[in-house]
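Colleague: Following is a predicted model, sequence given first.
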Amino acid sequence: MSSDLPSQLPLQSLGEPIYRGSVQNLYVVPDHPNYIVCETTEAGSVFDVGSIFRIDGNDLNRAIFRHAMYGRLANPQTWKRVESALLKTSTLGETWRSQLMDGTLEAMLESGAQTHHVGMLDSVTGELHSSGMPLHPSCYNVVRRFPVMKPPQRNVMGNFVFDYAQFHQSGTYVVPLEYIVRFGVTSGSSILRKYEALGEKERRSYELELGLNGPMSAWQMLDRPIYDLTSKYEPEDRPVTKQEALLMSGLSSQSFLSTIKMALLGAWAVRELLEEIGLQLWDLKWEFAVDGDDLFFVDTIDADSFRATGTVEVEGRRLIIHYNKQAMRDYYRVICADWYAGVNAAKQEAAKTGLPFKEVLRSGQVAGKYPQTPEVAPEFLTLQAKKTALIKQHVLGEMQADALRLSLEQAGKEEAEFYRGQGKLDELLTLNGL
């Protein structure tokens, strides 16, 4: 716990949030401007459109996972387990393995990873717990505050570009990138959609860029994880090359390399936690902050930021079930296909005009150009609440791993039956069937 923070922060002392986001609210810590209290909410957001659904209990479930996972990242024992996993994984290749285990991992084996996470507030007493779970867990986590700088948009001879010069002039800030680590390729993966749209020559080039050893396909587990990067503070996330990402980041090449290693190693730490209950991690995203020479894990790590799956038997086939926000994305794609098509059309229009995507979508909905945002079936939201509650029970140690595996599998079967009842099981099997 930071020595300049009080040991208690009664929730009623926080006042009104200084920021209301699509999935969380932010509060200042009275008399301590270098810290922020993050309140997770039950709201959910997909496709960059903002809050469009709510999952009962997801506020507390996500807050608990975040507190527990950041505690793990700060613990050197976590990195010893990651080191052991790296040594046991035969497909990594010695050169790649040795580079990943050099430097950054050595430091985390010594003293754990640096994160912005300070602790969770007890919902009754307001006591700040930097490690371990409060007696009364809450939706309120305290984090160190890092400056967030958004690149201004410039008009260059009729083309719109973003100016990242300020990141090269600052020493403390949130790096304006999202780092996506992939252990495999899912059917809904953005890189698969990009890959399938390329010609043969461009596909070979893209395979080399991502470090693949052959053609890409859906539901393909990789010999070693790959990573790609997107913009963070532009109106919508935009894939960027490694070269562009380095220039956008404002970091030295060595610090930029360290963030990549942190993203990959952190992914293994999450993978280990989920594998204990039979879930397979496909991908997740990280964000980082810099303060001089120090690098920090920041932002969220919960079911909104990773893709973990299990499988169930349906119609003689294995069906992938998502235990994360991807289940909601697939719901909109399959059940609300016309709305999903309208969202994509609005994104294309925004890219051409330079207007903010949400503004284009909302004005188009008012004009009848794009379908209105649909309500999600209550029974489907109940299933999502059940799945996230089970993962919460795992991080709290409230149920044995074997029993949790069975309960997660049962929830997956119920989800398949929901799609059958909607007459959409075939579409789901096309998307996620093996």
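Modeller: Right, received. Where do you want to start?
Colleague: what helix or strand is the closest residue to Leu198 other than its chain neighbours on?
Modeller: The shortest distance from Leu198 to any non-neighbouring residue, by CB to CB, 6 or more residues apart in numbering, is to Tyr206 (6.1 Å). For every residue, glycine as well, the C-beta is placed using N, CA and C. Using DSSP states H and E, Tyr206 maps to helix 200-210.
Colleague: The helix or strand following that helix to helix 200-210, inter-axis angle?
Modeller: With elements assigned by DSSP H and E, the helix or strand that comes after helix 200-210 is strand 220-231. Direction vectors for strand 220-231 and helix 200-210, defined by axes from the mean of the first three to the mean of the last three CA atoms, to 10 degrees, enclose an angle of 80 degrees.
Colleague: Run through the neighbouring helices and strands of strand 220-231.
Modeller: strand 177-185, strand 239-240, helix 242-249, helix 253-275 (3 or more CB pairs under 8 Å, 6 or more residues apart in numbering; DSSP states H and E).
Colleague: which of those sits most buried?
Modeller: For those, the largest average neighbour count (mean count of other CB atoms under 10 Å) is found in strand 177-185, namely a mean of 22.
Colleague: Just the CA atoms of it, as PDB, please.
Modeller: The C-alpha coordinates for strand 177-185 follow below in PDB (Å, rounded to 0.1, in the frame of the first residue of the first chain):
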ATOM      1  CA  LEU A 177      -1.500   1.400 -27.300                       C
ATOM      2  CA  GLU A 178      -3.300  -1.800 -26.600                       C
ATOM      3  CA  TYR A 179      -1.200  -5.000 -26.700                       C
ATOM      4  CA  ILE A 180      -3.100  -8.000 -27.800                       C
ATOM      5  CA  VAL A 181      -1.500 -11.400 -27.100                       C
ATOM      6  CA  ARG A 182      -2.900 -14.500 -28.900                       C
ATOM      7  CA  PHE A 183      -2.300 -18.100 -27.900                       C
ATOM      8  CA  GLY A 184      -4.600 -19.100 -30.800                       C
ATOM      9  CA  VAL A 185      -6.900 -17.700 -33.500                       C
END
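Colleague: mind listing what it pairs with, with the direction of each?
Modeller: Partners of strand 177-185 in the sheet, by DSSP bridges, are strand 220-231 (antiparallel), strand 280-291 (antiparallel).
Colleague: Return the most buried member of these.
Modeller: strand 280-291 (a mean of 23).
Colleague: can you list the domains in this protein?
Modeller: Using automatic domain parsing, the domain parsing of the chain gives 11-74+113-144, 146-301.
Colleague: Now tabulate those domains in TSV and tack on distance to Glu398 and mean pLDDT.
Modeller: Listed next are the domains of the chain as TSV, based on distance: least, CB to CB, whole Å; pLDDT from 0 to 100:
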stretch	distance to Glu398	mean pLDDT
domain 11-74+113-144	11	93
domain 146-301	12	91
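Colleague: out of those domains, nearest to Leu408?
Modeller: domain 146-301 (6.5 Å; CB to CB).
Colleague: residues touching the most centrally placed residue in the chain, list them.
Modeller: Taking CA atoms, centre = their mean as the criterion, Ser305 is the residue nearest the geometric centre of the chain, at 1.6 Å. For Ser305, the contact set (CB atoms under 8 Å, 6 or more residues apart in numbering) comprises 284-286, 299.
Colleague: That one and Leu121: what is the separation?
Modeller: 22 Å (CB to CB, to the nearest Å).
Colleague: For Ala308, give the beta-bridge partners.
Modeller: Leu281.
Colleague: is it true that Ser7 touches His129?
Modeller: No. Counting by CB atoms under 8 Å, Ser7 does not reach His129; the two are 9.7 Å apart.
Colleague: The two - which one has more neighbours?
Modeller: His129 (21 against 11; other CB atoms under 10 Å).
Colleague: Just grab the bridge partners of that one for me.
Modeller: Met120.
Colleague: quick one: secondary structure of Lys150?
Modeller: Using DSSP: H, G, I helix; E, B strand; the rest coil, the structure places Lys150 in coil.
Colleague: ok, and the closest non-adjacent residue to it?
Modeller: Counting by CB to CB, 6+ apart, the residue nearest Lys150 is Tyr233, at 4.3 Å.
Colleague: Roughly how far does the residue nearest to the centre of the chain sit from Met399?
Modeller: 23 Å.
Colleague: And for Ala337?
Modeller: Taken as CB to CB, the span from Ala337 to Met399 is 37 Å.
Colleague: Ok, Pro10 next?
Modeller: Taking CB to CB, one finds Pro10 at 32 Å from Met399.
Colleague: how deep is Lys392 tucked in, by neighbour count?
Modeller: With other CB under 10 Å as criterion, Lys392 counts 22.
Colleague: go on, Met120?
Modeller: Neighbours around Met120, by other CB under 10 Å: 28.
Colleague: related to what we said a few turns ago, for the residue nearest to the centre of the chain, grab phi and psi.
Modeller: phi -120, psi 10 (degrees, to the nearest 10).
Colleague: Next: Gln24.
Modeller: phi -160, psi 160.
Colleague: Glu127 now?
Modeller: According to degrees, to the nearest 10, Glu127 has phi -70, psi 140.
Colleague: Please, where are all the strands along the stretch 51-200 of the chain?
Modeller: If DSSP state E, counting those that start in this stretch is used as the criterion, the strands of the stretch 51-200 of the chain fall at 51-54, 117-121, 128-129, 140-144, 153-156, 159-162, 172-174, 177-185.
Colleague: Could you measure from the residue nearest to Thr125 when sequence neighbours are not counted over to Val142?
Modeller: Leaving aside its sequence neighbours, Thr125 sits nearest to Gln8 (CB to CB, 6+ apart; 6.6 Å). Counting by CB to CB, the gap between Gln8 and Val142 amounts to 11 Å.
Colleague: what does Ala367 give?
Modeller: 44 Å.
Colleague: For the residue located most distally from the centre of the chain, give me its contacts.
Modeller: Here the chain reaches farthest from its C-alpha mean at Met157, the gap being 35.7 Å by CA atoms, centre = their mean. Applying CB under 8 Å, 6+ apart to Met157 gives no contacts.
Colleague: returning to that earlier point: between the strands of the stretch 51-200 of the chain, which gets nearest to Arg62?
Modeller: Shortest distance between Arg62 and those, using CB to CB, is found for strand 140-144: 9.7 Å.
Colleague: Direction included, what does the closest one pair up with?
Modeller: strand 32-40 (antiparallel), strand 117-121 (antiparallel).
Colleague: closest one to Leu425 among those strands?
Modeller: Closest among those, using CB to CB: strand 32-40, at 32.4 Å.
Colleague: which parts of that closest one are buried?
Modeller: 35-40 (16 or more other CB atoms under 10 Å).
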